[in-house]
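K.L.:
Take this sequence and fold it.
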Amino acid sequence: MSPGAAIFKLDGPCTIRNATDIHKDLLDFICINDRISLEIAGSADVDVSFVQLIEAARTYAAGRGKSLALSHPASDRLLDVLDRAGLLDDPKSATSSFWLNGGDLR
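P.N.:
Alright, predicted model coming up:
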């Protein structure tokens, strides 16, 4: 987690069914905070729409001079979704680095 960052917690379902609510809440949070740390529960139900939403939020935040980071590397269900989507295939990519907090699966 980034020191001094505002924490945005996600511990419920993070799927297409509630993507609109997460989108609105996250955009509002980005608007009022310069540094955001996403805290995603390891047990959170996630799908690829959630990953797309977070990737879009990263771009949105960066375009406004703000930072968005994970409080801890992706794990459990989220890690499985990222792996199946092929987003961790290049360990040196910015995408992989974001989701793994600069770490590596190996």
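
K.L.:
all contacts plus neighbour counts: C-alpha atoms, from now on.
P.N.:
OK.

K.L.:
quick one, what contacts Val81?
P.N.:
46-48 (C-alpha atoms under 8 Å, 6 or more residues apart in numbering).

K.L.:
whoops, Leu100 was the one
P.N.:
72-74.

K.L.:
Those residues in helices, which ones?
P.N.:
Applying DSSP state H to those, no entry is found in helices.

K.L.:
Closest one of these to Gly42?
P.N.:
If you rank the contacts of Leu100 by distance to Gly42 using C-alpha to C-alpha, Ala74 comes first, at 7.7 Å.

K.L.:
To what extent is Thr20 buried, counted in neighbours?
P.N.:
Residues lying near Thr20 (other C-alpha atoms under 10 Å) number 12.

K.L.:
ah, wrong one, I meant Asp90
P.N.:
Asp90: 12 surrounding residues under other C-alpha under 10 Å.

K.L.:
So it belongs to a helix, correct?
P.N.:
No - read with DSSP: H, G, I helix; E, B strand; the rest coil, Asp90 is coil and lies in no helix.

K.L.:
ok, back up a step: as TSV, the contacts of Val81 with secondary structure would be great.
P.N.:
Putting the contacts of Val81 into TSV (three-state DSSP) gives the following:
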residue	secondary structure
Val46	strand
Asp47	coil
Val48	helix
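
K.L.:
Select from these the one having the most neighbours.
P.N.:
Comparing these by number of neighbours (other C-alpha under 10 Å), Val46 comes first, having 23 neighbours.

K.L.:
With adjacent residues omitted, what lies nearest to it?
P.N.:
Cys14 (4.6 Å; C-alpha to C-alpha, 6 or more residues apart in numbering).

K.L.:
Quick one: residues contacting the one you found.
P.N.:
22, 44-47, 50.

K.L.:
where does it fall, phi/psi-wise?
P.N.:
Dihedral pair for Cys14: phi -120, psi 70, per degrees, to the nearest 10.

K.L.:
coming back round to it: just the contacts of Val81 now: which is nearest Ser93?
P.N.:
Nearest to Ser93 among these, with distances taken as C-alpha to C-alpha, is Val48, at 18.4 Å.

K.L.:
Got the confidence number for that closest one?
P.N.:
Looking at Val48, its pLDDT is 96.

K.L.:
Many thanks, I have nothing further to ask.
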